[in-house]
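Asker: just need the structure, nothing else, for what follows:
(chains A, B and C)
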Amino acid sequence: MVPLTHYLLVSAILFSLGVAGVMLRRNVIMIFMSIELMLNAVNLTFVAFSKFLNNLDGHIFTFMVMTVAAAEAAVGLAIVIAIFRNKPTANVDEINLLKL
Amino acid sequence: MELLIFFIFGGVAVLAAFLMIISWNPVAAVLNMILVMFCLAGLFVLLNAHFIAAIQILVYAGAIMVLFMFIIMLLNLRGNEPIWKSRDKNVLLSFLGFLLAVGAFIKLFSTLKASGLNQGTQIGEDFGTTALVGKILFTDYLLPFEIASILLLVAIIGAVMLAKTKID
Amino acid sequence: MEMIQTPEINLSAICHILTLCVTGLLILVLDLFINDQKLLPFKIDKKLLPYVALGGVILAGISSMNDFGPAVYAFNNTIAADNFAAFFNVIFCIGTALTIMISINYMEQEDLNHSEYYALLLFATAGMMLMALAASLITVFLGLELMSISLYILAGFNRAKVESTESALKYFLLGAFATGFLLYGMALIYGATGSTNLKEIAAAIKGDTLNSATLLYLGTGLMVIGLGFKVASVPFHMWTPDVYEGAPTAITAFMSVGPKAAGFAAFFRVFLVGLGGITDHWVSLIWVIAALTMTVGNLTALAQTNIKRMLAYSSISHAGYVLVALVAANEIGSTAVLYYMLAYAFMNIGAFTVVIVLGKKGEENLNLEDYSGLASRHPLLGFTMAVFMFSLAGIPPLAGFFGKFYIFSAAIKAGYVGLAVIGLLNSVVAVFYYLRITVLIYIKDPVREFPPLSISPFTLAALVIAVIGTIQLGIFPSWILEIAQSSSLF
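Answerer: Down below sits the predicted model:
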């Protein structure tokens, strides 16, 4: 049996990589994808705890996170399209977001 | 055996995630992200989360990432950004954050290793099946489930409002 | 195959949320028939839809007032309809109703009169109510996201304007980033306590049945980051000025009141109900954040020349004052927050209403200089702006003064004299930039022509309600304080 800490370590690494992506990349799509990576890492944490606690609440939470991620993806990409119509660029700096 | 499967999926997930955040080309990044999601689905199966593993593939890898790919194609994004340029302040901040996170996790894992949680308890045969998750979803978590439907409606309105060329 | 037992469904506990959602759906459906009137037995006009929305909000407000009384736990303890939630729900309804009233004219003037706007406002309010009602981390999360996603869309509602879409993108990226931290915090707290229910989390902490205390502290820290972003506290405030400046002004007014109050409702619920047992561990963190938020917000506000940015920084500093009440973590603090958020709703929306009234399409007159000599041309409007500025500055006998007074006395009573002193010094700094506007209005000569004002009846009504609310709460605070006292979390 794989111990819990192994799963938590993988999810912590994935979460940190996601945060690093948000902090260091400049492309809007890449920042957004890094955020999705963070949410995926959280899902792994929830599911792992769920099994080791023998409690299904974590699965429900993961389900809701996925729903929200889908809704956020739809809205976020629509915002990117709206920006593109005004100003054809996708780099964060060029759309005055450097002070992130 | 289980440990071996874990290391394959976990290792590939971390590697693909790393490649994702450094990849220059957005299309390659999306493909790497899909690989991460497949590996996570594998880990979910190891954790007896069969239902979650299925929707991970269907919703995340299938729908969300296809949406990303679609937008990249639609807007014809190219990887012409200098990756690390001009966010030096954030590089330093990230490094400090990284040190802090490593410290926190070392402390965390040393305490967790000792606790009983690490080895887990005996779980039921049907843990994580669609039937059991569905049952909880429609009884204990009925209200959150209904709220999620309003949330999706809002997302639909938003996508139409923001992306439509002409509103009448 | 065993049957699923139908759970107990207590619709009266979520009556207000249902009212808002149904009104939102009704608006969307009615909108479909506007271009095709043959299908309906009666005629509808697009201009009618805002009034439908206003009616829905007022109904929801009345049903929230009915909620005062013994606490009701419903839907398997995922929501707690107690007085605390009812008080916050009334604040949200007041904020949304005032926003709708000032939007009717503003959105037409900016050519943005789409019915989806009102539907989204209602859905966002439903999300805020859910946050105030939340008794489980899942409900906190879903309410927060329902509110945030609606707000991302509303911030970018002026699609033709670059600033509006940019502010939507910035708000969206940072909001989603913060959600990631919040969720990770929730996951770790779930792992530490084995439950997502706030009461069970509190019981696990009290009964010392934690799986790992480190896990709990780490989760608490991550939740502070996540919620800190949502209420715009320093150092997680960077998005506020740009988003407030770029969004349509009516939405800025809305964002600075309702969602901020909702963020604090969730903050207080999670930290005082769920994590109340480990107050010693998070209180110093919040102490630092509160002191920083007040100081940075006020000092940066001094340097602003744009009224929307100035009000953005002022809203950051007000978030700092509210965090002082969280640090106090006692009954007066919890009471003071309810009173303060109500007073803040009136005075802040009032200030933004004056900004809207003075703006025209394409020429919003957002520089502070544009306010010079306002009183000589429009004495009443100048007077109302002065009332809101004095109240925001905390000058007696207006509502803002009593709010601050109760918050600082809560901090002193809990033994945080240092923090109260920092807060008082900040209030002195704040007086300077609020008074500067009043001086411009009354003493300086006009630098521009003030055209004759054309205030629509509803905007006027919103302004009158805001002024009466600000003065009334300041002069007769006792009855509302009594209600707030019975609604505190302790």
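Asker: which residues touch residue 5?
Answerer: If you meant another chain, say so; for now it's chain A. B:109, B:112, B:113, B:118 (C-beta atoms under 8 Å, 6 or more residues apart in numbering or on different chains). For every residue, glycine as well, the C-beta is placed using N, CA and C.
Asker: hm, I was asking about chain B
Answerer: Residue B:5 sits in contact with B:42, B:46, where contact means C-beta under 8 Å, 6+ apart.
Asker: and it, its phi and psi?
Answerer: Backbone torsions of residue B:5, given as degrees, to the nearest 10, read phi -60, psi -40.
Asker: for residue B:31, see how far away it is.
Answerer: Going from residue B:5 to residue B:31 by C-beta to C-beta, to the nearest Å gives 23 Å.
Asker: check residue C:375 too.
Answerer: For residue C:375 relative to residue B:31 (C-beta to C-beta), the value is 64 Å.
Asker: what does residue C:299 give?
Answerer: 47 Å.
Asker: again, but for residue C:175
Answerer: In terms of C-beta to C-beta, residue C:175 sits 27 Å off from residue B:31.
Asker: these two: who's more crowded?
Answerer: residue C:175 (24 against 16; other C-beta atoms under 10 Å in any protein chain shown).
Asker: I figured that one hits residue C:152, correct?
Answerer: Yes - look at residue C:175 against residue C:152 with C-beta atoms under 8 Å: they come within range, at 6.6 Å.
Asker: so which residue is dead centre in chain B?
Answerer: Nearest to the geometric centre of chain B sits residue B:37, at 6.4 Å (C-alpha atoms, centre = their mean).
Asker: centre of the chain to the strand or helix carrying residue C:62, how far?
Answerer: Element membership for residue C:62, per DSSP states H and E: helix C:49-65. Put simply, helix C:49-65 sits 18 Å off its chain's centre (C-alpha atoms, centre = their mean, to the nearest Å).
Asker: hmm, that helix touching chain B?
Answerer: No - Helix C:49-65 stays out of contact with chain B when judged by C-beta under 8 Å from any C-beta of the partner chain, the minimum separation being 14.2 Å.
Asker: what helices or strands is that helix leaning on?
Answerer: helix C:15-34, helix C:83-109, helix C:115-133 (3 or more C-beta pairs under 8 Å, 6 or more residues apart in numbering or on different chains; DSSP states H and E).
Asker: give me the buried positions along the first one.
Answerer: When neighbours are counted by 16 or more other C-beta atoms under 10 Å in any protein chain shown, the buried residues of helix C:15-34 are found to be C:15-21, C:23-24, C:26-28, C:30-31, C:34.
Asker: what's the lowest-pLDDT member of the residues you listed?
Answerer: Model confidence across the buried residues of helix C:15-34 bottoms out at residue C:34, which has 81.
Asker: and that one, how far from residue C:235?
Answerer: Residue C:34 is 47 Å from residue C:235, by C-beta to C-beta.
Asker: next one: residue C:44
Answerer: 49 Å.
Asker: tally of neighbours for residue A:80?
Answerer: Residue A:80 has 26 nearby residues by other C-beta under 10 Å.
Asker: got the contact list for it?
Answerer: A:28, A:29, A:32, A:90, B:71, B:75, C:169.
Asker: and the longest helix for chain A?
Answerer: helix A:57-86 (DSSP state H).
Asker: list the buried residues in it.
Answerer: A:57-84, A:86.
Asker: tell me the first helix or strand C-terminal of the helix or strand of chain B with the lowest mean pLDDT.
Answerer: Lowest by mean pLDDT, DSSP states H and E among the helices and strands of chain B is helix B:88-114, with a mean of 76. Counting by DSSP H and E, the element after helix B:88-114 in chain order, helix or strand, is helix B:130-139.
Asker: how far off centre is stretch C:62-81?
Answerer: Worked out by C-alpha atoms, centre = their mean, stretch C:62-81 lies 21 Å from the chain centre.
Asker: got the buried residues for that stretch?
Answerer: Those would be C:63, C:64, C:67, C:74, C:75, C:76, C:78, C:79, C:80, C:81, for stretch C:62-81 by 16+ other C-beta under 10 Å.
Asker: try stretch C:405-415
Answerer: Buried, per 16+ other C-beta under 10 Å, within stretch C:405-415: C:405, C:406, C:407, C:408, C:410, C:411, C:414.
Asker: cool, stretch C:31-50 as well?
Answerer: In stretch C:31-50, counting by 16+ other C-beta under 10 Å, buried: C:31, C:34, C:49, C:50.
Asker: burial count for residue C:368?
Answerer: With other C-beta under 10 Å as criterion, residue C:368 counts 16.
Asker: correct me if wrong: it contacts residue C:436.
Answerer: Yes - if you go by C-beta under 8 Å, residue C:368 and residue C:436 touch, sitting 7.4 Å apart.
Asker: starting at the chain centroid, how far to the least confident helix or strand of chain B?
Answerer: With C-alpha atoms, centre = their mean, you get 20 Å for helix B:88-114.
Asker: circling back: turn the helices and strands packed on helix C:49-65 into a markdown table, columns for distance to chain B.
Answerer: A markdown table is the format used below for the helices and strands packed on helix C:49-65 (distance: least, C-beta to the nearest C-beta, whole Å):
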| stretch | distance to chain B |
| --- | --- |
| helix C:15-34 | 6 |
| helix C:83-109 | 13 |
| helix C:115-133 | 5 |
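Asker: among these, which comes closest to residue C:264?
Answerer: Ranking the helices and strands packed on helix C:49-65 by proximity to residue C:264 (C-beta to C-beta) places helix C:83-109 first, at 8.5 Å.
Asker: what is the closest one packed up against?
Answerer: Secondary-structure packing of helix C:83-109 (3+ C-beta pairs under 8 Å, 6+ apart): helix C:49-65, helix C:115-133, helix C:249-268, helix C:331-358, helix C:457-475, helix C:478-486.
Asker: contact partners for residue 3?
Answerer: I went with chain A, as the question did not name one. B:113, B:118, B:119.
Asker: oops, I was thinking of chain B
Answerer: residue A:2.
Asker: so it is in which element?
Answerer: Judged by DSSP H and E, residue B:3 forms part of helix B:2-22.
Asker: up against chain C, what does chain B have?
Answerer: Checking chain B against chain C by C-beta under 8 Å from any C-beta, the hits are B:104, B:107-108, B:111-112, B:115-117, B:135, B:138-144, B:147-148, B:150-151, B:153-155, B:157-158, B:161-162, B:167-168.
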